[in-house]
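*Asks:* Need coordinates for the below:
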Amino acid sequence: MNYDFKEKIKNINKDYIKFAGLKTLQVNLGNMCNQQCCHCHVNGGAENSKIMSKTVMEKIIIFLKKHPGIILDITGGCPELNPDFRLFVEYAKRVCPEVMVRTNLTVFYEEGMAWLPEWYKEKRVILTASLPCYTEENVNKQRGNGVFEKSISALKKLNSLGYGKDINLNIMCNPCGEFLPAPQKKLERDFKKELFKKYGIIFNKLLTLINVPVGRFKNYLNSKGKMEEYISLLADNFNPGIVPRIMCRSLINIDWQGVLYNCDFNQAAGLPIRGNGGEIMGIENMDGFIHNTNEIVTADHCYCCTAGEGSSCMGVLAV
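*Replies:* Numbering: from 1, shown residues only. Below you'll find the model as predicted:
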């Protein structure tokens, strides 16, 4: 079935399928990870070798220095496993008003990484921590045995350093299957209640993310013969009210080689931003993306961002 996401958006307003100006630069430092989650869109794992070089990082810092005010969103894989991660963040903190890192929490317990929590506090890095559920069974089912226990320990450590109070600590959750998440506000209440009651853990905001049918989750859907059914679920729950706020209108994603994408999911799907002549655009072309109005690259997986309450790397889009 042809769902034609781009035409769906154009029928609402042709300007909504265009880039509206850069507010957030999302940098993917590579797909190396100490976990191997069943929903991972970048197929993260310990043996992966897509690692951003210091040369690409330097180009990103030069760009950010020339364009102050842009928010930096650092992701992976597990971004902390990039050997130049620490240097990159330290330089970014000098030029960006806000630096956020997406952490899986368990990296704190990898060999040689015990310095991370205190260093995060010192640099006042905003953290978005992955935790798909507040129950041990669901977390370990999705992320691997022992992940829940380490995640809870890491959250307690961050709380002891002021995260959740003086420094923002957000939790990112996603469904444990091929269905839409419950309303974000309800989930946030449940997460805060359960994590505090059982473990004394506090955090600022819960961000929900719909599972995107690319990477490992796509392979899972195909193995179960559920891909068409899942895309239909997303398309049937299309919410036109959140279309003006889809994140690709104000975010650019950069992969480990410095190639530009409209989002991290397009990166995983191999859909880069291209110039007027069809050439792939890289960090060297970023200056032209501050205020451009090029059309966003789309595919069926884009329905994730417009289903239900909407979905983005910053949580739901519904007001």
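*Asks:* Is it correct that Val95 is in contact with Phe63?
*Replies:* No. The criterion here is CB atoms under 8 Å, and Val95 misses it with Phe63 at 9.4 Å. (Each C-beta comes from the backbone N, C-alpha and C, glycine too.)
*Asks:* hey, what's in contact with both of those two?
*Replies:* Contact criterion CB atoms under 8 Å, 6 or more residues apart in numbering; no residue bridges Val95 and Phe63 by contacting each.
*Asks:* hey, which helix or strand in the protein has the poorest pLDDT?
*Replies:* Within the chain, no helix or strand scores below helix 136-143, which has a mean of 90 by mean pLDDT, DSSP states H and E.
*Asks:* List the buried residues in that helix.
*Replies:* Applying a neighbour-count criterion of 16 or more other CB atoms under 10 Å, one finds 138-143 buried in helix 136-143.
*Asks:* Dump these to JSON lines, plus distance to Arg249.
*Replies:* As requested, those are exported to JSON lines (distance: CB to CB, whole Å):
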{"residue": "Asn138", "distance to Arg249": "33"}
{"residue": "Val139", "distance to Arg249": "32"}
{"residue": "Asn140", "distance to Arg249": "36"}
{"residue": "Lys141", "distance to Arg249": "35"}
{"residue": "Gln142", "distance to Arg249": "30"}
{"residue": "Arg143", "distance to Arg249": "31"}
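*Asks:* so which of the residues you listed comes closest to Pro68?
*Replies:* Nearest to Pro68, judged by CB to CB, of these is Arg143 at 36.8 Å.
*Asks:* I'd like to know how many residues surround the residue lying closest to the closest one once chain neighbours are set aside.
*Replies:* Spatial nearest neighbour of Arg143, excluding adjacent residues (CB to CB, 6 or more residues apart in numbering): Cys37 at 4.9 Å. Number of residues near Cys37 (other CB atoms under 10 Å) recorded here: 23.
*Asks:* my guess is Cys37 contacts Asn140, does it?
*Replies:* No. Cys37 sits out of contact with Asn140 when judged by CB under 8 Å, with a separation of 10.9 Å.
*Asks:* residues shared between the contacts of those two?
*Replies:* Applying CB under 8 Å, 6+ apart, one finds that no residue jointly contacts Cys37 and Asn140.
*Asks:* And the contacts of stretch 275-292?
*Replies:* Under the criterion CB under 8 Å, 6+ apart, residues 19, 21-22, 56, 59-60, 63, 66-67, 252, 254, 257-260, 272-274 lie in contact with stretch 275-292.
*Asks:* Quick one: mean pLDDT for it?
*Replies:* Regarding stretch 275-292, the rounded mean pLDDT is 88.
*Asks:* Any buried residues in it, and which?
*Replies:* Neighbour counts over stretch 275-292 (16+ other CB under 10 Å) mark 281-283, 285-286, 289 as buried.
*Asks:* ditto for stretch 18-30
*Replies:* Buried residues in stretch 18-30, counting neighbours by 16+ other CB under 10 Å, are found at 18-20, 22, 24-30.
*Asks:* now, which of those residues sits nearest Leu116?
*Replies:* Taking CB to CB as the measure, Leu116 lies nearest Leu29 of the buried residues of stretch 18-30, at 14.4 Å.
*Asks:* Report the contact partners of that closest one.
*Replies:* 51-52, 74-77, 79, 82, 85, 88, 256.
*Asks:* try it again with 6 Å
*Replies:* Under the criterion of CB atoms under 6 Å, 6 or more residues apart in numbering, the neighbours of Leu29 are 52, 76, 79, 82.
*Asks:* Let's see if you can find the most crowded of the residues you listed.
*Replies:* Of those, with other CB under 10 Å as the count, Gly76 tops at 30 neighbours.
*Asks:* Please report the distance of it from Val101.
*Replies:* Going from Gly76 to Val101 by CB to CB, to the nearest Å gives 9 Å.
*Asks:* Give the buried residues for stretch 206-219.
*Replies:* Counting neighbours by 16+ other CB under 10 Å, one finds that the buried residues in stretch 206-219 are 206-218.
*Asks:* Lovely, talk soon.
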